[in-house]
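Chemist: the following comprises the amino acid sequence and a computationally predicted model.
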Amino acid sequence: MATSTADSLSKLTIKSDDFAASSAPNLHKNLFLLSPQQVELAKTLMEMEQSHLFEQWPEPGIDDDEKRAFFDQVARLNSSYPGGLASYIKTARELLAESKAGKNPFDGFTPSVPSGEVLAFGDDNFVQYEEAGMREARKAAFVLVAGGLGERLGYNGIKVALPSESVTGTCFLQLYIESILALQHANCRLVKGDGQAEIPLVIMTSDDTHSRTVDLLEFNAYFGMKPTQVKLLKQEKVACLIDNDAHLALEPNNKYKIQTKPHGHGDVHSLLYSSGLLKQWHDAGLRWVLFFQDTNGLLFKAIPASLGVSAAKQYHVNSLAVPRKAKDAIGGITKLTHKDGRTMVINVEYNQLDPLLRATGYPDGDVNSETGYSPFPGNINQLILELGPYMEELTRTGGSIKEFVNPKYKDSTKTAFKSSTRLECMMQDYPKTLSPSARVGFTVMDTWLAYAPVKNNPEDAAKVPKGNPYHSATSGEMAIYRANSLILRKAGVKVDDPVCQTFNAQEVEVWPRIVWKPKWALTFADVKNKVRGNCTVTQRSTMAIKGQRIFVEDLSLDGALLVDAADRAEVEVGGRVQNKGWIIENVDHKDTSVPEEVRIRGFKFNKVDQLEKTYSEPGKFSLKP
């Protein structure tokens with residue numbers, strides 16, 4: 001090893017004799033401590049003008065292990081970025097120069113409304129797409145982007161461990177896994193005799209969430225999924241930058257560590273590419289990859305129909321979307337046509353859409369059409385990609401996604417940063433590099449059915465202007481009850497109107513607290529098949545259905561009803577159920593005697609009275625009080 005290190009040193013010195021000793025004398029003195037690979041990395045850093053990293057390095061014999069550890073970190077940063085650190089720094093310089101010059105990323109582009117499918121829940125078109133999507137489900141793989149902690153929510157755990165609702169306490173990860181398993185099971189019934197096709201799930205984690213995600217899965221036996229079905233891919237952070245010349249930042253209190261920050265969820269593409277999973281899926285006959293975010297409790301209600309649209313329209317990229325009010329803080333899916341003829345269909349952030357429209361012949365900018373909504377659908381960051389074209393594109397790009405930089409400058413000269421910055425990339429920017437022949441579209445769903453993210457803490461949610469979505473744990477839970485109530489109404493159940501109540505300074509509609517496990521019903525057709533006769537539910541009621549073969553007929557519910565049934569137990573539920581039920585009580589979000597996941601909602605259930613039945617044996621049963 002000594003010989004190869006000496007060879008590397010001689011090459012380094014011969015090629016760049018001047019800089020090794022004069023630009024970085026402290027590095028030069030310590031070079032003999034490094035392995036040949038580390039010497040090559042030192043060479044790269046010097047070629048990229050990063051000699052400042054070594055200014056405070058002491059003589060050999062002091063902190064030698066820390067010096068080697070520094071290069072271990074450099075090696076990780078170099079290997080985890082497509083093209084290595086040299087490519088990262090080069091791209092950063094280009095983007096920082098454009099940022100300083102105030103270059104408009106959409107210069108030369110004219111926006112227009114792309115083509116896509118707008119669905120109305122429960123109509124014939126919707127039901128047909130749902131059925132088509134259920135048939136496609138066995139050819140799908142799901143990718144959950146879950147690199148974030150719940151700190152912004154006022155929750156110290158990982159976001160996917162947060163309960164999606166309080167009636168059953170089902171956490172987001174459990175809800176997602178049970179939904180995928182229900183798709184798998186339903187598909188198996190649809191495509192008879194083809195065996196149980198396992199639907200793969202990939203979870204992208206980060207340093208912050210990886211071990212806790214593993215613990216959550218293992219502690220709960222993967223929520224019923226086979227451990228072999230689940231793959232975790234951990235994204236690495238990227239180096240921070242201290243100035244417009246893309247000099248790398250050191251940690252404030254550690255001269256042997258480069259400061260890093262998350263690169264954004266766009267990393268999911270390069271991770272999938274480098275993991276080899278896409279080829280495995282392709283060889284196994286899969287056709288679709290579905291990407292989704294970590295805390296949207298409604299998402300799987302929109303998946304079957306959206307997947308059906310992808311199959312029918314043969315979309316290479318299908319962005320799930322909701323109707324968008326002009327100037328709402330949600331990006332718009334837009335077709336951009338460049339004056340040189342290039343086109344792309346991508347998400348344009350709301351703060352960029354209005355000026356872009358004004359600059360290209362739309363003097364009023366971002367305004368609502370006669371429908372009362374913007375003609376540009378609201379992007380909710382859930383994507384369905386066709387696997388074959390996706391693999392071809394990633395093979396061409398190496399999985400790298402168009403990046404951006406967002407430095408916070410100290411003043412208008414744009415010469416100094418308030419704090420370090422870094423390059424970022426977004427999952428939904430994948431279509432930016434596609435050829436104009438790529439079939440890129442969208443599927444618009446009712447907001448109440450498809451979109452209720454949980455991302456704001458109580459204080460921030462309370463500051464949201466009246467009429468705008470809170471996107472808090474409070475509103476996210478209430479949205480689940482609203483969606484389930486509206487679906488039952490559409491199926492013919494008489495569900496009482498909601499009442500307005502205020503929790504954590506947020507006024508929300510409180511519908512009956514109705515929840516069901518995904519295996520009970522994934523589609524509207526499932527619900528209609530399992531709800532019969534003349535059923536009524538009062539506003540103060542709570543109902544939880546936890547079983548595949550539970551049929552509700554002529555039920556009059558005024559109180560709390562919880563029914564759980566094993567897979568081979570068939571239960572008919574009906575008659576008049578009346579009891580004191582579960583009462584909603586306010587909780588102060590500052591009350592530390594209450595668990596975090598409860599106080600960020602601002603309410604809890606006082607379970608005064610209920611009818612609760614569990615059927616654990618096979619057979620036919622009737623629950624008619």
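Modeler: Yep, it's here.
Chemist: find the residue at the geometric middle of the protein.
Modeler: Centrality entry for the chain: nearest residue to the mean C-alpha point is Q293, 1.9 Å, by Cα atoms, centre = their mean.
Chemist: these two touch, right, it and L383?
Modeler: No - Q293 is beyond contact range of L383, at 10.2 Å (criterion: Cβ atoms under 8 Å). Placement of C-beta: from N, CA and C, glycine included.
Chemist: residues contacting D554?
Modeler: Residues in contact with D554 (Cβ atoms under 8 Å, 6 or more residues apart in numbering) are R532, G533, N534, C535, G574, G575.
Chemist: can you put those residues in CSV and add secondary structure and neighbour count?
Modeler: Listed next are the contacts of D554 as CSV, based on DSSP: H, G, I helix; E, B strand; the rest coil; neighbours: other Cβ atoms under 10 Å:
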residue, secondary structure, neighbour count
R532, strand, 17
G533, coil, 12
N534, coil, 12
C535, coil, 20
G574, strand, 19
G575, strand, 14
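Chemist: what's the farthest-apart pair in these?
Modeler: The distance between the two most remote of these (Cβ to Cβ) is 13.2 Å, for R532 and G575.
Chemist: average pLDDT across stretch 368-383?
Modeler: The average pLDDT for stretch 368-383 rounds to 93.
Chemist: quick check: end-to-end length of it?
Modeler: 25 Å (Cα to Cα, to the nearest Å).
Chemist: in it, which of the residues would be classed as buried?
Modeler: Y373, S374, P375, F376, P377, G378, N379, I380, N381, Q382, L383 (16 or more other Cβ atoms under 10 Å).
Chemist: now do the same contact list for the second one.
Modeler: The contact partners of S374, by Cβ under 8 Å, 6+ apart, come to R324, K325, A326, D328, G332, D366, V367, N368.
Chemist: what's the answer for the fourth one, then?
Modeler: With contact set as Cβ under 8 Å, 6+ apart, F376 has these partners: P111, V113, R324, G332, I333, T334, V348, L353, D366.
Chemist: what average pLDDT does stretch 473-485 get?
Modeler: 98.
Chemist: which residues touch it?
Modeler: Under Cβ under 8 Å, 6+ apart, the answer for stretch 473-485 is 153, 155, 162, 164-166, 295-298, 301, 448-449, 452-454, 458, 461, 469, 495, 498, 503-504, 506, 508-516, 537, 597, 600-603.
Chemist: tell me which of those fall in strands.
Modeler: Of the contacts of stretch 473-485, the ones assigned to strands by DSSP state E are V495, F503, Q506, V508, E509, V510, R513, I514, V515, W516, V537, F603.
Chemist: so which two of these are the farthest from each other?
Modeler: Spatially, the most separated pair among the ones in strands among the contacts of stretch 473-485 is Q506 and W516, at 25.4 Å (Cβ to Cβ).
Chemist: who's more crowded, these two?
Modeler: W516 (23 against 20; other Cβ atoms under 10 Å).
Chemist: partner residues bridging the more buried one?
Modeler: Under DSSP bridges, the beta-bridge partners of W516 are I545.
Chemist: isn't it up against V552?
Modeler: No - contact criterion Cβ under 8 Å: W516 and V552 do not qualify, at 9.9 Å.
Chemist: just the pLDDT at S80, thanks.
Modeler: pLDDT recorded at S80 is 89.
Chemist: just A302 next, same as before
Modeler: pLDDT, A302: 96.
Chemist: kindly report the same for S10.
Modeler: 50.
Chemist: E131 too?
Modeler: E131 is assigned 95 on the pLDDT scale.
Chemist: any idea how far it lies from L307?
Modeler: Counting by Cβ to Cβ, to the nearest Å, the gap from E131 to L307 is 11 Å.
Chemist: between the two, who's got more neighbours?
Modeler: For E131 versus L307, neighbours defined as other Cβ under 10 Å are more numerous around L307 (27 against 16).
Chemist: which non-adjacent residue is nearest that one?
Modeler: Nearest residue to L307, sequence neighbours excluded (Cβ to Cβ, 6 or more residues apart in numbering): G133, at 3.6 Å.
Chemist: in what helix or strand does I89 lie?
Modeler: helix 84-100 (DSSP states H and E).
Chemist: contact partners of that helix?
Modeler: Taking Cβ under 8 Å, 6+ apart as the rule, helix 84-100 contacts 41, 44-45, 47-48, 50, 74, 77-78, 81, 105, 238-239, 241, 244-246, 248, 403-407, 414-415, 423.
Chemist: alpha carbons of it, as PDB, please.
Modeler: C-alpha atoms of helix 84-100 as PDB (Å, rounded to 0.1, in the frame of the first residue of the first chain):
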ATOM      1  CA  GLY A  84     -19.400  12.900  -8.100                       C
ATOM      2  CA  LEU A  85     -18.500  16.000  -6.200                       C
ATOM      3  CA  ALA A  86     -16.800  17.600  -9.200                       C
ATOM      4  CA  SER A  87     -20.200  17.500 -11.000                       C
ATOM      5  CA  TYR A  88     -22.000  18.800  -8.000                       C
ATOM      6  CA  ILE A  89     -19.700  21.800  -7.700                       C
ATOM      7  CA  LYS A  90     -19.700  22.500 -11.400                       C
ATOM      8  CA  THR A  91     -23.600  22.500 -11.500                       C
ATOM      9  CA  ALA A  92     -23.700  24.600  -8.300                       C
ATOM     10  CA  ARG A  93     -21.500  27.300  -9.900                       C
ATOM     11  CA  GLU A  94     -23.700  27.400 -13.000                       C
ATOM     12  CA  LEU A  95     -26.900  27.600 -11.000                       C
ATOM     13  CA  LEU A  96     -25.500  30.200  -8.500                       C
ATOM     14  CA  ALA A  97     -24.300  32.400 -11.400                       C
ATOM     15  CA  GLU A  98     -27.900  32.200 -12.900                       C
ATOM     16  CA  SER A  99     -29.400  33.000  -9.500                       C
ATOM     17  CA  LYS A 100     -27.100  36.000  -9.000                       C
END
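Chemist: which residues sit in contact with G102?
Modeler: For G102, the contact set (Cβ under 8 Å, 6+ apart) is empty.
Chemist: now it: how far from G147?
Modeler: 31 Å.
Chemist: cool, P465 as well?
Modeler: Taking Cβ to Cβ, one finds P465 at 29 Å from G147.
Chemist: just want to know which of these two has more residues nearby.
Modeler: G147 (25 against 5).
Chemist: do you know the pLDDT at that one?
Modeler: 78.
Chemist: that one in helix, strand or coil?
Modeler: Three-state assignment for G147 (DSSP: H, G, I helix; E, B strand; the rest coil): coil.
Chemist: ramachandran angles for it?
Modeler: G147 has phi and psi values of phi -90, psi 0 when expressed as degrees, to the nearest 10.
Chemist: who's in contact with it?
Modeler: M204, T205, S206, D208, T209, Q235, P262, H265 are the contacts of G147 under Cβ under 8 Å, 6+ apart.
Chemist: among the buried residues of stretch 368-383, which ones are in strands?
Modeler: Reading strands off the buried residues of stretch 368-383 with DSSP E, I get G378, N379, I380, N381, Q382, L383.
Chemist: would you confirm that L173 contacts V214?
Modeler: No - using Cβ under 8 Å, L173 is not in contact with V214, being 11.5 Å away.
Chemist: follow-up on the earlier one: which among the ones in strands among the contacts of stretch 473-485 end up buried?
Modeler: V495, F503, Q506, V508, V510, R513, I514, V515, W516, V537, F603.
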